[in-house]
Structures are given as C-alpha cells and as structure tokens.
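Novice: Generate a structure from the sequence data that follows.
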Amino acid sequence: MTRRTVLQVAAAGALLTGCADGRPSAAGASPDPAASQAPPEHPPAAPSSAHPALPPLPPGLPAQIEHGPRNRPQVALTFHGRGEPAIATALLTEAERAGARLTVLAVGEWLDQYPQLARRILDGGHELGNHTQTHGNICAMGAAAATAEITGCADRLRKLTGSPGRWFRPSQARLATPLVERLARQAGYEHVLAYDVDSLDFTEPGTGAVRAKVAKDVGPGSVVSLHFGYAGTIAALPGILDDLKRRGLRAVTTTELLT
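Specialist: A predicted model of the protein is given here:
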C-alpha cells in the first residue's frame, strides 16, 4: 500500500470536524457522544523549552500579511488547526517525510481538547499560532467578544508552549477588520496572517480539485490556506508537495518565508 493510499484510508475513516472559513463552523453541529467524552489528561509541554525562540521579522512588513517575497522559491502552507487528532498527526508526518514545515493556526477549543498536539506540532519543526478560541465569525463581533476570542486562544498557547505564538489569523475571514486588527495588536500580535491562495478545501470539492486549485494559484512567496479537518485535504497533500517540488518551491514556516 502506498503512503498516499494510507493517508486516504486514514482520512476516510476518521471523524472530521475541521473549521471552514466563510461558512458556519462545524462546532455548531450536533455533538457525537463519543467526541464529547473528556480526553485523557496530557501533561502540558514545558514552557521553558516547548516554543523555540523566533528570529526577528524584517521592518516594513504590512499589518496584514498576504504573501511573502516573490523572489525566493519558498511558500508557506498554513493549516487551520482543528479536527480529529489522528488525521492531524498523519498530515504532520507526511509533511515531515517530504521535508516540509507548516504553519498551524490552532483553534483554542481544539487545544483544550487535545493539548498534546501543541507539542507534537512544535516538535516536528512546524510553527504554531492563534486562530481564535471558538472559531466564531470574529469580524462580526463587538470589541469585547472579539478580544475574548483572541486572548482566549493566546492564553491556551502560552500555557502549553510558553508563548502565544507569532501569528494571529481571524476566523471565518481572510482579512481582519480594522477593529480586529487593532485588538490583535493589543494582544501582542504585530501582524495578522492572511493568505493569497485559498485552496477552498472547506467546500469539500474532492482531492483532485484541492490539488489543482493550489497548483493553479501558488507561486513564489505564496501563503496557502488549508485545513486539518477535511479528508480531501489530507489525501491531496502528497500531490501538493510533489507539485511544489517539481516547480522548485519549498514549503517553509511563515516566519522562514518572511525572514
């Protein structure tokens, strides 16, 4: 059985609860009784060593970052972190096998349920950031509710890794409103991480369509939006990485893309 087939089988057999930008979150669906059971306790990662020190960013970056430099053969594959942990782990393992490093923007509720994944992401050489606490429509919220979404996830990240992470991405939106941008900055996020390539994987168009959409739109410096929680995304990843390699593009963390 090939590694691609293994990923497809794993993806098809798991409970998929990934977040979807631009449509209601799966968190609003009727809960699965098995999923509602409390997960086993996992000791949090040691704050002193879990989150590596990050190099400073160059001056002059925009408040909302949609892409990196266009003159270097690098791209950032960014994943909205939510969904079945076995699927997330399979995706991380596949990326590592190909020498790719990802940026994971985690939902705080997901980290509450699966705290061990914060350490798993960082131990794999990937980057971890903030995608709000509950994945509500943050750009439609008032200041108090939006602040709670940003700081709630930041607190989880800080508890698990010793750092709130460098990147904040608004939930259910590509770009932040001026209010959300300001609140994120007040919470310690100098930049909002947007993207210039939307895989549209949350619409579940199928493995081939996800791969084709990324291949069509990606280029040097691209920041690609993907999700952990969809079977088509997991199955498409080997092909996406093959396409990047064929074009001489390397998948790096967002910080690596920009420094």
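
Novice: Pull the distance from stretch 74-85 to the chain's centre.
Specialist: For stretch 74-85, the distance from its own C-alpha centre to the chain's C-alpha centre is 3 Å (C-alpha atoms, centre = their mean, to the nearest Å).

Novice: Enumerate the positions of it that are buried.
Specialist: By 16 or more other C-beta atoms under 10 Å, the buried positions in stretch 74-85 come out as 74-85. Every C-beta, even on glycine, is put in place using the N, C-alpha and C of the backbone.

Novice: same check, this time on stretch 158-175
Specialist: Neighbour-count burial for stretch 158-175, with 16+ other C-beta under 10 Å as criterion, is recorded at 158, 160-174.

Novice: can you tell me which of the buried residues of stretch 74-85 lies nearest to V252?
Specialist: Distance from V252 was checked for each of the buried residues of stretch 74-85 by C-beta to C-beta. The minimum falls on Q74, at 5.0 Å.

Novice: Run through the residues that contact that closest one.
Specialist: Contact partners of Q74, counting by C-beta atoms under 8 Å, 6 or more residues apart in numbering, are 68, 220-221, 249-252, 256-257.

Novice: related to what we said a few turns ago, out of the buried residues of stretch 158-175, list just those in helices.
Specialist: Members of the buried residues of stretch 158-175 lying in helices (criterion: DSSP state H): 158, 160-161.

Novice: Export the residues you listed to CSV and append columns for distance to A215.
Specialist: Below are those laid out as CSV (distance: C-beta to C-beta, whole Å):
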residue, distance to A215
R158, 37
L160, 35
T161, 33
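
Novice: For the closest residue to A63 other than its chain neighbours, the count of nearby residues, please.
Specialist: Beyond its immediate neighbours in the sequence, the residue positioned closest to A63 (C-beta to C-beta, 6 or more residues apart in numbering) is E181, lying 5.8 Å away. Around E181 sit 18 other residues, with neighbours defined as other C-beta atoms under 10 Å.

Novice: In terms of pLDDT, where does E181 sit?
Specialist: Note on E181: pLDDT of 98.

Novice: So what does it have for phi and psi?
Specialist: phi -60, psi -40 (degrees, to the nearest 10).

Novice: With N130 as the reference, measure out to it.
Specialist: Shown here: E181 relative to N130, a distance of 14 Å by C-beta to C-beta, to the nearest Å.

Novice: residue ranges for the strands of this structure, please.
Specialist: For the chain, applying DSSP state E gives strands covering 64-65, 74-81, 103-106, 127-130, 192-193, 197-198, 223-227, 250-251.

Novice: could you dump those strands to a markdown table with mean pLDDT?
Specialist: As requested, the strands of the chain are exported to a markdown table (pLDDT from 0 to 100):
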| stretch | mean pLDDT |
| --- | --- |
| strand 64-65 | 98 |
| strand 74-81 | 97 |
| strand 103-106 | 98 |
| strand 127-130 | 98 |
| strand 192-193 | 98 |
| strand 197-198 | 98 |
| strand 223-227 | 97 |
| strand 250-251 | 98 |
